[in-house]
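Engineer: here is a sequence together with a model predicted from it:
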Amino acid sequence: MRIVVVTSGKGGVGKTTTSAAFASGLALRGFKTAVIDFDVGLRNLDLIMGCERRVVYDFVNVLQGDAKLTQALIKDKHVDTLHILPASQTKDKDALTEEGVEKVIKELETMGFDYVVCDSPAGIERGALMALLFADEAIVVTNPEVSSVRDSDRILGILQSKSRRAMEGREPVKEHLLVTRYSAKRVEEGEMLSYKDIQELLRIPLLGVIPESDAVLQASNQGVPAIHLKGTDVAEAYADVVSRFLGEDKPLRFVSYEKPSLIKRLFGST
Amino acid sequence: MSLLTRLFGEKKKTAAIAKERLQLIIAREHIDGKSSPDFLPALQKELLGVISKYVKIAPEDIKVQLERQDNIEILEVNIVLSETASPPAPQ
Ligand SMILES: Nc1ncnc2c1ncn2[C@@H]1O[C@H](COP(=O)(O)OP(=O)(O)OP(=O)(O)O)[C@@H](O)[C@H]1O
Ligand SMILES: [Mg+2]
């Protein structure tokens, strides 16, 4: 079983969107996958997955022994091999204990899961630390923006010091850069950091680039993970991400912009 | 962006500014994160000198370190007095 944390430091960059799409993508490939919402107190993942009305027990109920893990896991309505462990909306963050989380993860392993995807809350406090503690791999979600890149750099430092792998001196957490909310047009115009700039700054392998897209709102409106919106740029970009994660070679898409303006065509770009 | 600036070069693009700023920010944070300030050994030595005036103490019984948590630094000084610690003989 591999544990993948989706993290960023900065809030609102697309962690939950990515967790939902990525976990769905792994499950579509036939892997038995669980996605856990570590954002205790807010609870967003179930909305993005469209399973909010089926939440009976949550992660904290399981941690506190009030429910069995099998009672709290929700089967995804799109993909059979996907299960969601929702966060609680009310209880406080101190419910996330190392021992509790470790126990849940061990149990998922005995249940035969191939992948556990941990949707981290923003920040670098308890919830975020617990989400990355047991990670084997990390998807560092980064927007092409100064504060997001800076926060990604900080979260990389934390992965390298506070994960179990780091603390036990094992092979380090495998890090992947995922640039999201990318606008090839604005990059072309020199108004947005390019994915190459970000990669040069953070110095970790690039897993993919997800374009800024209206389809993300369409997906969240309906409670359908973006990867299911057939034919949209985000769905394709996330499918590529899953392929690359599984070791397949996929060229980057949605990273270049064709200039339509007549002036540019006449005078060439300056 | 106006047509003129499009045609005849222009001031620096904001993405380039963002990248430069990030290069500096990240370089500085990496230095801050790793190195411990170099005054720690000297501080340890001086503390040893002062404390030795009053109690017998071995150099390794004084530990000085700097901890960094988010935006604050904590200077931690640990002084272990063995049970047999006694004032040095009067001179
Ligand atoms: N590729 C994208 N294109 C357009 N909008 C996006 C994209 N990715 C995410 N968003 C939007 O950005 C907002 C934040 O996304 P999301 O909730 O996934 O971020 P998050 O990192 O999980 O946030 P938090 O830190 O609060 O948990 C949402 O409104 C979402 O619809
Ligand atoms: Mg989120």
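Structural biologist: Received, thanks. Ligands and ions are numbered 1, 2, ... in the order given.

Engineer: how about the longest helix anywhere in chain B and chain A, touching?
Structural biologist: As assigned by DSSP state H, the longest helix anywhere in chain B is helix B:14-34. Yes. Contact of helix B:14-34 with chain A is found when judged by CB under 8 Å from any CB of the partner chain, involving B:14-16, B:18-19, B:21-23, B:25-26, B:29, B:33. Glycine gets a C-beta too; all of them are placed from N, C-alpha and C.

Engineer: what's that helix in contact with?
Structural biologist: Residues outside helix B:14-34 that contact it (CB atoms under 8 Å, 6 or more residues apart in numbering or on different chains) are A:145-146, A:149-150, A:153-154, A:157, A:187, A:190-194, A:197, A:201, B:68.

Engineer: shaky segments in chain B?
Structural biologist: B:1-11, B:32-38, B:68-71, B:83-91 (pLDDT under 70).

Engineer: if we go to 50?
Structural biologist: Chain B contains no residues with pLDDT under 50.

Engineer: and residue A:56, what are its phi and psi?
Structural biologist: phi -110, psi -60 (degrees, to the nearest 10).

Engineer: roughly how far apart are the residue nearest to it when sequence neighbours are not counted and residue B:60?
Structural biologist: Sequence neighbours aside, residue A:71 is the residue nearest to residue A:56 in space, at 7.1 Å (criterion: CB to CB, 6 or more residues apart in numbering or on different chains). Using CB to CB, to the nearest Å, residue A:71 is found at 55 Å from residue B:60.

Engineer: what's the answer for residue A:42, then?
Structural biologist: For residue A:42 relative to residue B:60 (CB to CB), the value is 48 Å.

Engineer: next: residue A:216.
Structural biologist: 58 Å.

Engineer: kindly report the same for residue A:69.
Structural biologist: In terms of CB to CB, residue A:69 sits 48 Å off from residue B:60.

Engineer: more neighbours: which of the two?
Structural biologist: A direct count of neighbours by other CB atoms under 10 Å in any protein chain shown for residue A:69 and residue B:60 places residue A:69 higher, at 19 against 8.

Engineer: can you pull the contacts of the more buried one?
Structural biologist: A:62, A:85, A:104, A:107-108, A:111 are the contacts of residue A:69 under CB under 8 Å, 6+ apart.

Engineer: please redo it, this time with the cut-off set to 7 Å
Structural biologist: Contacts for residue A:69 were tallied using CB atoms under 7 Å, 6 or more residues apart in numbering or on different chains; they are A:62, A:104, A:107.

Engineer: how about residue A:224?
Structural biologist: residue A:50 are the contacts of residue A:224 under CB under 7 Å, 6+ apart.

Engineer: return the distance of the residue nearest to residue A:56 relative to residue A:57.
Structural biologist: Residue A:71 is 5 Å from residue A:57, by CB to CB.

Engineer: show the pLDDT at the residue of the stretch 51-200 of chain A found nearest ligand 2.
Structural biologist: Per CB to the ion, residue A:119 is where the stretch 51-200 of chain A lies closest to ligand 2, at 6.0 Å. At residue A:119, the pLDDT value in this model is 98.
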